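[1] this one's structure only:
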């Protein structure tokens, strides 16, 4: 049984789409691995005792700035 050239071309396109989909899956997995690695690094750095004070000071500063902005809007 012989395939027509149109049928062969259609099969070729399907295999290209499948290959591209496989490539996208691999890239997505790699991207997630990099993001998870970066998140773990950020978590590890933030959980160090010497950085806890910096984080608390930064949060307090942001809250104070927000409070000042909210207070100036009320006038």
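    Structure's in. What do you need? Here the structure is a predicted model, which is why all the values come from computation and not from measurement.

[2] can we go C-alpha only for contacts and neighbour counts from here?
    Will do.

[3] Please list the outside residues in contact with stretch 33-53.
    Residues from elsewhere that reach stretch 33-53 (C-alpha atoms under 8 Å, 6 or more residues apart in numbering): residue 55.

[4] Got the phi and psi for residue 48?
    As for residue 48, its main-chain torsions (degrees, to the nearest 10) stand at phi -70, psi 140.

[5] What about it, how many residues nearby?
    Residues contacting residue 48 under the criterion other C-alpha atoms under 10 Å number 10.

[6] can you tell me how far it sits from residue 61?
    20 Å (C-alpha to C-alpha, to the nearest Å).

[7] pLDDT of stretch 51-64, averaged?
    Stretch 51-64 shows a mean pLDDT of 95.

[8] chain center to it: distance?
    From the chain centre to the centre of stretch 51-64 is a distance of 25 Å (C-alpha atoms, centre = their mean, to the nearest Å).

[9] Then stretch 35-54?
    Centre-to-centre, stretch 35-54 and its host chain are 17 Å apart (C-alpha atoms, centre = their mean).

[10] Over to stretch 30-48?
    On C-alpha atoms, centre = their mean, the centre of stretch 30-48 falls 11 Å from the chain's centre.

[11] where in the chain is pLDDT low?
    1-17, 73-75 (pLDDT under 70).

[12] hey, where'd the helices end up in it?
    In the chain, the helices defined using DSSP state H lie at 5-46, 49-73.
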